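Peer 1: show me how the following folds:
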Amino acid sequence: MWMRQEVAAEQSIHLEMRLSLKDDSRYLNVISVLDEIIRNVELSQFDAEPSWYFAELSRTDRVVRDLQHLLGNALKQASEESRHMRGIYYPESADHEADHFRICKTIAGLCYRWARSRADLQDLYELHDLILHHIQNYDDPFENHLFSKRRRQ
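Peer 2: Predicted coordinates for the structure are as follows:
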């Protein structure tokens, strides 16, 4: 598990640097929120007593609440990106939007599973990987398309 934590932390640091040092809405609203959830769950596994993170709510309730917040952020991010893609008639918008749907569906599924105590830290790592995959395979090409369009103008 420690190896997985180190890899996730390294990926987040690399992504943070690439996304203009936290100025990017994907980092601020999605990656950093998920990283905080993961960090708090990781820390809670080793605490003999509940940490401040879980003081007012149970561990599960807190994670569900934070995942719901993440879902709201992801839906907003997806909506904004979709609006931009439709505005320029981006040819890959259907696949990009389908991946947004997959991410949001995954987060909603995690909310459901955590609420029923049927999820674990590995599920959060997998969501992290899914979001990084989306950024690399959908957002980066979209950005390249936008930049190439601007250069042609």
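Peer 1: CA atoms for contacts and neighbours, from now on please.
Peer 2: OK.
Peer 1: my guess is Ile37 meets Arg62, correct?
Peer 2: No. Under the criterion of Cα atoms under 8 Å, Ile37 is not in contact with Arg62, lying 9.1 Å apart.
Peer 1: remind me which residues of this protein are low pLDDT?
Peer 2: 1-23, 46-56, 149-153 (pLDDT under 70).
Peer 1: and the longest helix seen in it, what does it pack onto?
Peer 2: What stands out as the longest helix in the chain, according to DSSP state H, is helix 59-88. Under the contact criterion of 3 or more Cα pairs under 8 Å, 6 or more residues apart in numbering; DSSP states H and E, helix 59-88 touches helix 32-46, helix 93-115.
Peer 1: where does Ala119 land in three-state SS?
Peer 2: Counting by DSSP: H, G, I helix; E, B strand; the rest coil, the backbone at Ala119 sits in coil.
Peer 1: give me every residue that touches it.
Peer 2: Ala119 makes contacts with Leu110, Arg113, as judged by Cα atoms under 8 Å, 6 or more residues apart in numbering.
Peer 1: next, it: phi, psi?
Peer 2: Dihedral angles of Ala119 (phi, psi; degrees, to the nearest 10) stand at phi -130, psi 160.
Peer 1: and it, how far is that from Val41?
Peer 2: Separation of Ala119 from Val41 (Cα to Cα, to the nearest Å): 12 Å.
Peer 1: same deal with Pro141?
Peer 2: Taking Cα to Cα, one finds Pro141 at 33 Å from Val41.
Peer 1: which of these two has more neighbours?
Peer 2: Remark: of Pro141 and Val41, Val41 carries more neighbours, 20 against 14, as counted by other Cα atoms under 10 Å.
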